[in-house]
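>>> From the sequence below, what's the structure:
(2 chains)
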Amino acid sequence: MASPKPRSFKGTRDFTPREMIPREKIIDSMKRVFRLYGFSPLETPALEMLSVLTGKYGEEGEKLLYKLDYKNDDFMNRVALRYDLTVPLARVIASHPEWPMPFKRYQVQPVWRADKPQTRQGRFREFYQCDIDTVGAPEGLADAEILALTVTMLDDLGFKDGDKRAIVQLNHRKVLEGICVYAGHPREDLAGFCRVLDKLDKIGREGVVSDLIDMGINDEGIDRVDSLLKLSGMYGSLSSTPADEKIDHVLAILDNNQAATEGLEGIRSILQSLKELGTDLSRINFNPVLARGLDYYTGAVFESTLPGQPHIGSLTGGGRYDKLIGLYGGGDKPAVGTTIGLDRMFAAMEQLGMVDTEAATVTRVLIAAWSADQMSACLQAVRVFREAGVPAEVFPTTGKLKKPFSHADKLNIPYVAVIGPDEAGNPDGLHVSLKDLSQGTQETLQVANAAEKVSSTNRSAPSS
RNA sequence: GUCCGAGUAGUUCAGUUGGUUAGAACGCCUGACUGUGGCUCAGGAGGUCGUGGGUUCAAAUCCCAUCUCGGACCCCA
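Numbers count the residues shown, from 1 in each chain, chains lettered A, B, ... in the order given. Got it, this is the predicted structure:
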């Protein structure tokens, strides 16, 4: 019987050590920032009751749910893989009404979506999201903190300058509602209207205008929307206009629309808090036509993209969802948060050459015995390295030293420590011959001194 | 869900109007090197040409089907 070729499910990947090492580094640095802002860790199950997930993501999102087809046909007991981390959070909050508010959590776990994967665009069927949310705080500071954290995070990871510069875009659902009414489009189809506006960066101003005409919006409405498209910041002279000034522009255009006015005031207060938090406001672009797809947003919406890498979708995305938690009973609780797309950021970093994939192992010293007689000396030595905090391992076979050296070279292990009769039998105690593979230099010294030397030299910085 | 393109060694690919035993580079293994990697040199292993059918004296090559992968939409992280 021929065994079938092993392969992984489409849209899922294995992460090799070469990828996991930089990946864990990124996650660690993100978690550190989350904690600095007062967010605490939370995890939820991969499986959710189907009824918890349905009706939250809109028609498009719903199609992407992985529903589990197992023996139970009873709808009430059916199960699906989680689609995001926001809805599970809402469920957790709704089932713990006694928790003190505000509640701030971060969560780093995979989610699953049944759409067509496209690697270059950083889209997969299984991918990691890093969510931060604040529940139980009104619009303002909480929203600003999420944005401040997002900017800090992106800068930390290197998405700061030139073609690597990420831009955070900010808008408010109520502004969109105002624009929809102003264009003369029925409010019931706000979602459809938003979808067209949202395509601005992909199909351009002419594309949006022609789509709006197809929707049945008249000439006057088109002119009105067009005057706002110019303020998107996606192109043209107004792209560098300060947000305050743009808010005034939009306010002047939509001044007798109550929803828009409220939305603009919301944006203004978020920007004020951001300023006081010390965030560089030039990283934030107020874009009155930014829409975003998910149905549950009610207030501010935001996302960050790489204008230099348009094929990669948004790196982060989030917003305020004041009505979602109330759907599970117990009354509404306001909430705001963002998702940081780890895999998409990683894909972008790989394509931009920002990832160091040199190291295939975490081991820093490989210990090799000249002959079987020195094996026990090797075990003694590896213990010394480990106690000094140096990741070390013993090459398991003896024979030609070419093998352990070649192995170390292939995995980019920086040091090899050889123990032969001379080192093991040194009257001053156990010695090793420590070779620095990148320099090609070697010296024989006490094990403890070798461990000291290795732990004091940092791994060389990644070449750019 | 819609529209394109591609499947040949572990990887990236070449392979003429259909014609002997299907090639290269890199990688891998062995040796030159019985206390030492990278560089060099010599040798070696590795392929049912995605799968199934058809045309033909003859198919990696032409035709059909199918599967898989990649890209562009839609949507999103």
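>>> Counting neighbours, which bits of stretch A:211-225 end up buried?
Residues A:212, A:217, A:221-222, A:224-225 are the ones in stretch A:211-225 that count as buried (16 or more other CB atoms under 10 Å). For the C-beta atoms, the positions are set from N, CA and C on the backbone; glycine is no exception.
>>> Endpoints of it, how far apart?
Stretch A:211-225 stretches 12 Å from its first residue to its last (CA to CA, to the nearest Å).
>>> Identify all contacting residues around that stretch.
Residues outside stretch A:211-225 that contact it (CB atoms under 8 Å, 6 or more residues apart in numbering) are A:179, A:182-185, A:192-193, A:196-197, A:199, A:203, A:208-209, A:253.
>>> Which one of those sits in the busiest neighbourhood?
residue A:179 (30 neighbours; other CB atoms under 10 Å).
>>> Return the distance of the strand or helix carrying that residue from the chain's centre.
According to DSSP states H and E, residue A:179 maps onto helix A:173-182. From the chain centre to the centre of helix A:173-182 is a distance of 30 Å (CA atoms, centre = their mean, to the nearest Å).
>>> quick revisit: so which of the contacts of stretch A:211-225 would you say is closest to residue A:52?
residue A:192 (26.8 Å; CB to CB).
>>> quick one: pLDDT of the closest one?
Confidence at residue A:192, expressed as pLDDT, is 75.
>>> Could you do residue A:248 as well?
Looking at residue A:248, its pLDDT is 81.
>>> Counting neighbours, what do you get for it?
Neighbours of residue A:248 using other CB under 10 Å come to 14.
>>> Ok, residue A:50 next?
Counted by other CB under 10 Å, the residues lying close to residue A:50 total 16.
>>> and what of residue A:107?
Other residues close to residue A:107 by other CB under 10 Å number 23.
>>> One more: residue A:97?
Neighbours of residue A:97 under the rule other CB under 10 Å: 11.
>>> Enumerate every residue touching it.
Listed by CB under 8 Å, 6+ apart, the contact partners of residue A:97 are residue A:330.
>>> sorry, back to before: with distance to RNA strand B and secondary structure added, can I get the buried residues of stretch A:211-225 in TSV?
Converted to TSV, these look like this (distance: CB to the nearest atom of the strand, whole Å; DSSP: H, G, I helix; E, B strand; the rest coil):
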residue	distance to RNA strand B	secondary structure
A:212	13	helix
A:217	16	coil
A:221	20	helix
A:222	19	helix
A:224	21	helix
A:225	16	helix
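>>> May I see these arranged in a markdown table, with pLDDT and distance to residue A:17 as well?
Below are those laid out as a markdown table (pLDDT from 0 to 100; distance: CB to CB, whole Å):
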| residue | pLDDT | distance to residue A:17 |
| --- | --- | --- |
| A:212 | 79 | 51 |
| A:217 | 79 | 54 |
| A:221 | 79 | 56 |
| A:222 | 80 | 55 |
| A:224 | 79 | 56 |
| A:225 | 80 | 51 |
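>>> closest to residue A:169 among the residues you listed?
Using CB to CB, the buried residues of stretch A:211-225 come closest to residue A:169 at residue A:225, 17.8 Å.
>>> Show me how far the lowest-mean-pLDDT helix or strand in chain A is from its chain's centre.
Ranked by mean pLDDT, DSSP states H and E, the weakest helix or strand in chain A is helix A:200-214, scoring a mean of 75. Its chain's C-alpha centre and that of helix A:200-214 lie 29 Å apart, by CA atoms, centre = their mean.
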